[in-house]
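K.L.:
for reference, the sequence and a predicted model appear below.
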Amino acid sequence: MSLRLLAATAIVAAISGPASGHDLRLADGGVVTFRTCNHTKDPIVVGTSYIPVNGSLWRNKGWTQVGAGACRDIFTTSNHTFYARAETKGHSDQYWGTSIKQCVAYPGPYDFTTRSEDTTCPQGVPADMTTFHSDGRPVYVWNLNP
């Protein structure tokens, strides 16, 4: 089972450069809240992979429910890069997430950590997620439309 595959390494290298020494955390200790807004008529669930504030390991967590027409804060991080997948509740074949494979567990809930260098899922299976890059705003909103 593939976790971050080589694509994750390529993404991190593209962001920070292999020897640049740049930290992926937000400048001046800034924290970003990842908020998901569900603009569909069905409830959705969100699975995520992110580094918690003051953390160094990736937290893989799901499934956080967001009601139809509602918004919900999912997590906070001080890392520029994070990943999320949303699914129509009860229908894992109806999802948002396309750029990278990350670990999720069915039926859930799940909550476990991985290291950046991990290449397999210690739990669960790899699933498509969207890669997000914060621009430093305190709230990053992911709008899910039908």
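P.N.:
The structure has been received and is ready for your questions.

K.L.:
in stretch 96-104, which residues are buried?
P.N.:
96-97, 100-104 (16 or more other Cβ atoms under 10 Å). Where you see a C-beta, it was placed from the backbone N, CA and C, and this is true even at glycine.

K.L.:
chain center to that stretch, what's the gap?
P.N.:
Stretch 96-104 sits 8 Å away from the centroid of its parent chain (Cα atoms, centre = their mean, to the nearest Å).

K.L.:
with stretch 89-105 instead?
P.N.:
That offset, for stretch 89-105, works out to 11 Å (Cα atoms, centre = their mean).

K.L.:
any idea how far the most centrally placed residue in the chain is from residue 48?
P.N.:
In the chain, the residue lying closest to the centroid (Cα atoms, centre = their mean) is residue 83, at 2.2 Å. For residue 83, the distance to residue 48 (Cβ to Cβ, to the nearest Å) stands at 7 Å.

K.L.:
related to what we said a few turns ago, OK, contacts around the residue nearest to the centre of the chain?
P.N.:
Listed by Cβ atoms under 8 Å, 6 or more residues apart in numbering, the contact partners of residue 83 are 48-50, 100, 102, 129-132.
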